[in-house]
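Visitor: Build me a model from this:
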Amino acid sequence: MTMDRRRFFTLSGSAVSSALLAACDSRGPRSAERLLRYAERKNEAVERALMRHSAMDAPASARLAGNALPSYFISDTVPIWDESQRGKWTLEIGGLVQRPMKLTLDDLLKLPRTTERVNHYCVEGWTAVEQWTGVRLSELARLAGARPAARYVDFESFDKGYHESWDIESAMHRQTVVAYGLDGRMLGPAHGAPARVYSPTKLGYKNTKYLTRVMFLPNRTGGYWSDAGYEWYGGV
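Guide: Got it, this is the predicted structure:
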């Protein structure tokens, strides 16, 4: 390729914006809704083709960011699961699966474990190196018996209902994990405890923290930032 992906997506976004301006009339932006949906479908197809879902992220030797990794949440304070009010935390695996299940943190700890030292890419432009420990999402999909009709996965949170949906290819990447550990320690509240999804294939805002549900679905369901105008695919 003669241009990098960041440049490509910038130019693609400009082209779509120009098309939308040309489509506007006295009724305003709603008149371009069909064009928006069409452009969105085409953009997703291009992004799926560009992203090499077999490629592995292997950061150069660098110090782990550790506690310097910024924390982010949309609640007024750091979300903390209160068992006295909510009962024991569980992660629900559902949707298009043969064996819906609810897993406690102890259940997750008993499953095959993987540790991935990977880059964290933020939409703001910075990058950090972190080491995540958890269970591959592909293993959870296998245990639950994800059906072939599942083309998307939605990750739901107890952080004021935060969620983001992904394409199935990124979700099944070998380095996509439901993480309960960070840099050799159990995940803390600031970074998404008891568990969160993490993958170097997605920008930071796609990696939902404070997980409560993983739903395998036939269609896209948007997301907190995606619905606010951020790019849905969010691939790296």
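
Visitor: contacts and neighbour counts: CA atoms only from here.
Guide: OK.

Visitor: quick one: the strands in this protein?
Guide: 91-95, 101-103, 114-121, 127-136, 152-157, 163-167, 177-182, 185-186, 196-198, 211-217 (DSSP state E).

Visitor: Residue 205 is nearest to which of the ones you listed?
Guide: Smallest distance to residue 205 across the strands of the chain (C-alpha to C-alpha): 8.2 Å, for strand 163-167.

Visitor: Just want the angle from that closest one to strand 211-217.
Guide: Interaxial angle, strand 163-167 versus strand 211-217 (axes from the mean of the first three to the mean of the last three C-alpha atoms, to 10 degrees): 40 degrees.

Visitor: Quick check: chain neighbours aside, which residue is closest to residue 187?
Guide: Excluding its sequence neighbours, the residue lying closest to residue 187 (C-alpha to C-alpha, 6 or more residues apart in numbering) is residue 181, at 4.5 Å.

Visitor: that older thread, going by mean pLDDT, which of the strands of the chain comes out lowest?
Guide: With a mean of 91, strand 114-121 has the lowest mean pLDDT of the strands of the chain.

Visitor: Dump the strands of the chain to TSV, plus mean neighbour count.
Guide: Shown next, in TSV, are the strands of the chain (neighbours: other C-alpha atoms under 10 Å):
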stretch	mean neighbour count
strand 91-95	21
strand 101-103	14
strand 114-121	20
strand 127-136	22
strand 152-157	24
strand 163-167	25
strand 177-182	25
strand 185-186	14
strand 196-198	25
strand 211-217	23
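
Visitor: could you dump those strands to CSV with distance to residue 143?
Guide: CSV is the format used below for the strands of the chain (distance: least, C-alpha to C-alpha, whole Å):
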stretch, distance to residue 143
strand 91-95, 10
strand 101-103, 9
strand 114-121, 16
strand 127-136, 11
strand 152-157, 15
strand 163-167, 19
strand 177-182, 14
strand 185-186, 23
strand 196-198, 17
strand 211-217, 13
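
Visitor: Ok, which of these comes nearest residue 66?
Guide: strand 127-136 (6.9 Å).

Visitor: Determine the set of other helices and strands touching that closest one.
Guide: Packing contacts for strand 127-136, counted by 3 or more C-alpha pairs under 8 Å, 6 or more residues apart in numbering; DSSP states H and E, involve helix 105-110, strand 114-121, strand 177-182.

Visitor: Which one of these lies nearest to residue 231?
Guide: The nearest among the helices and strands packed on strand 127-136, by C-alpha to C-alpha, is strand 114-121 at 14.3 Å.

Visitor: tell me what that closest one is packed against?
Guide: Going by 3+ C-alpha pairs under 8 Å, 6+ apart, strand 114-121 lies up against strand 127-136.

Visitor: all helices of this structure, in order?
Guide: 5-23, 33-50, 83-86, 105-110, 137-144, 168-171 (DSSP state H).

Visitor: what does the last one rub up against?
Guide: Outside helix 168-171, the residues that touch it by C-alpha atoms under 8 Å, 6 or more residues apart in numbering are 53, 137, 138, 150, 151, 152, 153, 176, 201, 202.

Visitor: I'm done for today, thanks for sticking with me.
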